[in-house]
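Sequence plus predicted model, see below.
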Amino acid sequence: MASKLWPILLLLLFTGCFPFASSLPTPAIAPEPPLSGTGWVLVQMNGHDVLPEPNIILHFVSDSALGGDTGCNDYGGGPDSGGYHSAPDGAFDLNMLAVTVQLCPDKALMAQEKEYSSTLIKAARYHIENGLLHLYDDTGSEILTFRRANDDDLLRFQE
C-alpha cells in the first residue's frame with residue numbers, strides 16, 4: 001500500500017499542496033545597487049558601439065534627478081519634470097528628458113545624440129554588473145550599456 005502512495009505524495013509536493021511545500025525557501029535575488037550619486041559613460045547603444053569622442057555622460061545626481069552630456073548638449077530629468085525612478089528589483093522609469101538645443105559640429109554626432117535621447121527615454125529596467133550599467137527597454141532588449149565614469153569624466157558636473 002505504501003508503494004502506491006509515493007506517486008500521490010510526489011504530485012502533492014510538486015504542485016505545492018503538501019503542507020510544508022510553501023515553507024521551503026525560495027532563492028534570494030540580490031537587489032540592484034542604487035543609482036543615486038553614480039556616473040556613467042556610454043559604450044554601446046542599440047547593439048552598436050558609439051563614437052569614441054566626445055563621451056556621452058549619464059550622471060544620477062540624486063534619488064530622483066539625473067543629468068548628462070550628449071557631446072553637444074546637456075540634458076536632465078529632475079523632480080520638476082517628473083525625474084526618474086529606480087527600484088531595488090531593477091525597475092527603471094524616466095518620465096521626461098529636457099535637452100538643450102545647440103547644433104552639433106558634426107552630423108554623425110548629431111545623429112548619435114538624437115538616437116541616444118530617444119533611446120534613453122525608453123529605459124524600463126537596469127542591471128549593474130562588473131562595472132557596467134545595462135539599461136533595457138520594456139521588451140527586455142538591452143538598449144544602452146555604460147561603463148562607470150571616473151572623476152575626469154564627471155569633472156564638468158562638479159564645476
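The structure has been received and is ready for your questions. Numbers count the residues shown, from 1 in each chain.

Dig out what H134 forms beta bridges with.
H127, T145 (DSSP bridges).

what residues are up against it?
Applying C-beta atoms under 8 Å, 6 or more residues apart in numbering, we find H134 in contact with Y126, H127, I128, E142, L144, T145. Every residue, glycine included, has its C-beta placed from N, CA and C.

Okay, buried residues for stretch 145-153 please.
Under the neighbour-count criterion of 16 or more other C-beta atoms under 10 Å, stretch 145-153 has T145, F146, R147, A149, D153 buried.

what's the answer for stretch 121-130, then?
Buried residues in stretch 121-130, counted by 16+ other C-beta under 10 Å: K122, A123, A124, R125, Y126, I128.

surely the last one meets P33?
Yes: because the distance of 5.4 Å satisfies C-beta atoms under 8 Å, I128 is recorded as touching P33.

ok, the buried residues of stretch 121-130 vs Y136, which is closest?
Y136 lies nearest to R125 out of the buried residues of stretch 121-130, by C-beta to C-beta, at 4.3 Å.

Apart from its chain neighbours, what residue comes closest to the closest one?
Y136 (4.3 Å; C-beta to C-beta, 6 or more residues apart in numbering).

My read is that the one you found contacts I143, right?
Yes: using C-beta under 8 Å, Y136 makes contact with I143 at a distance of 6.4 Å.

what do those two both touch?
Common contacts of Y136 and I143 (C-beta under 8 Å, 6+ apart): A123.

still on that earlier bit, quick check: of the contacts of H134, which lies closest to D49?
For the contacts of H134, the nearest to D49 is T145 (9.7 Å; C-beta to C-beta).
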